[in-house]
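Trainee: I'd like to go over a predicted model; first the sequence, then the structure.
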Amino acid sequence: RKPNCNGPGAACYDPRFIGGDGIVFYFHGRSNEHFTLVSDPNLQINARFIGLRPAGRARDYTLIQALGLMFGSQNLTVDATRARIWDDQVDHLEFSYNGKTISLPDGHFSEWTSPDSNLKLERTSNKNSVTVAISELVEITVNVVPVTKQDSELHNYQIPSNDSFAHLEVQFRFFSLSSEVEGVLGRTYRPDFENPAKPGVEMPVVGGADKYKTSSLLSSDSLFTSKSTGPVNKNGAGGSSLRGAERRHEDFDHLSLENIAALRGGVSQSPSQYSLRNLPSTSSDHEIEAGSSPASASTVDKQVAWQQNAKERMRKYRPGKLSCRVHLKRFKELLETHGVDETLTNAVRLTLEECVEDYGPDFDKVRWFEREKR
């Protein structure tokens, strides 16, 4: 059995996904970075993207090279190994379980089972195809393929002669996702999901690379990582550092007065790192009130009250485009409180661009900015 790249839960090609709602969309991410595909309390699935940027292209061509799965206290990685010249008679699959390499002999139906019997790997052909099954959570069919010369010419990939860009084609079948599931693919299984891909568009591309980026294949530190009930983090052990799926309602908490103090203190980083979605988590409002910020108590009280009001409003509406407006309104209030600041102005501009990337040109950034400046 091999992945059906035209079926629900598929992720193939330049990553072309088919969501749980059956809608096709593309998520390009960035080459040599990692992104969360699925994040749920009992399961985290990340992917490593590889690719290249041909001359004259504005973005990377990307492919899925590896998967990282975290479940309970365990983790599994599935890699497509590099192949200078593709050979169907050579196996290009590599596995590790809890940091140790797994040996899965060649041969159809060759299998490996974890000591607790919750994880099973089974080859579905002699080489380069496998099914990964985690009891009561997910079944994944995996196939390793190269970028062929024909594909390279057709899509102008400009693949070099010394790398076939071996990558994974995968299809997921989930058994017990929660209604709060997140991730590039996971969110499409939510009962309240509204696909941002525009109907009728031949190649609908969705953004959100910064939201779903993780620091490694076995990390759960993306902005929208779901709260873990098991010890899942970048080391494969210890609880998640994020507060869970409710983060989608509260991610504007990232921009605290403490952040602003750091920015105004001349922290040596590029402006792009100060877009709202890249700002690090900081102290709670209670800690800020205790004096970790140079801001006055009255300013803090006003900010806390505004946050509470915003959260109430956020609970009443879908958190998509409104979330963008909440981010930007908060930027505006902080600009008014602390004065015009070049770094903050850049952050506003970047966040506007991210909102347009996620929700399309119907999010009228020019009209919004002109109205809010008054």
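Mentor: Received, thanks. Numbering: from 1, shown residues only.

Trainee: contacts and neighbour counts: CA atoms only from here.
Mentor: Noted.

Trainee: Enumerate every residue touching Thr77.
Mentor: With contact set as CA atoms under 8 Å, 6 or more residues apart in numbering, Thr77 has these partners: Ala66, Leu67, Gly68, Leu69, Phe95, Ser96, Tyr97, Leu217.

Trainee: so where's the chain uncertain?
Mentor: Applying pLDDT under 70 to the chain picks out residues 197-202, 224-374.

Trainee: where along it do the helices fall?
Mentor: Assigned by DSSP state H, the helices in the chain fall at 149-155, 209-212, 247-250, 257-264, 285-287, 297-316, 321-338, 342-359, 365-373.

Trainee: gap between Leu121 and Ser31?
Mentor: For Leu121, the distance to Ser31 (CA to CA, to the nearest Å) stands at 28 Å.

Trainee: Also Val24?
Mentor: Between Val24 and Ser31 the distance, using CA to CA, works out to 21 Å.

Trainee: count of residues packed around the residue nearest to Asn46 when sequence neighbours are not counted?
Mentor: The shortest distance from Asn46 to any non-neighbouring residue, by CA to CA, 6 or more residues apart in numbering, is to Thr36 (4.3 Å). For Thr36, the count of nearby residues is 32 (other CA atoms under 10 Å).

Trainee: List the contacts of Thr36.
Mentor: Going by CA under 8 Å, 6+ apart, Thr36 touches Gln44, Ile45, Asn46, Ala47, Gly183, Val184, Tyr212, Lys213, Thr214, Ser220, Ser222, Thr225.

Trainee: still on that earlier bit, ok, Leu121 and Ser31, which is more surrounded?
Mentor: Using other CA under 10 Å, the more surrounded residue of Leu121 and Ser31 is Leu121, with 22 against 18.

Trainee: Could you give the bridge partners of that one?
Mentor: Counting by DSSP bridges, Leu121 forms beta bridges with Trp112, Val132.

Trainee: Wait, it touches Ser129, no?
Mentor: No. In this structure, Leu121 is not within contact of Ser129 by CA atoms under 8 Å, at 10.3 Å.

Trainee: For the residue lying closest to Tyr13 once chain neighbours are set aside, list each beta-bridge partner.
Mentor: Closest residue in space to Tyr13, ignoring its immediate chain neighbours: Leu63 at 6.4 Å, by CA to CA, 6+ apart. Note on Leu63: beta-bridge partners Ile50, judged by DSSP bridges.

Trainee: Can you name the residues that contact Leu63?
Mentor: Applying CA under 8 Å, 6+ apart to Leu63 gives the contacts Cys12, Tyr13, Asp14, Pro15, Ser31, Phe49, Ile50, Gly51, His167, Leu168.

Trainee: how close does it get to Val132?
Mentor: Distance of Leu63 to Val132, computed by CA to CA: 20 Å.

Trainee: what does Arg84 give?
Mentor: As for Arg84, its distance to Val132 is 26 Å (criterion: CA to CA).

Trainee: Among these two, which residue is more densely surrounded?
Mentor: Remark: of Arg84 and Val132, Val132 carries more neighbours, 20 against 14, as counted by other CA under 10 Å.

Trainee: Next, the contact list for the nearest residue to Arg123 once chain neighbours are set aside, please.
Mentor: Computed as CA to CA, 6+ apart, the closest residue to Arg123 that is not its neighbour in sequence is Val130, at 4.2 Å. If a contact means CA under 8 Å, 6+ apart, then Val130 has Lys2, Leu121, Glu122, Arg123, Thr124, Thr141, Val142, Asn143 as its contacts.
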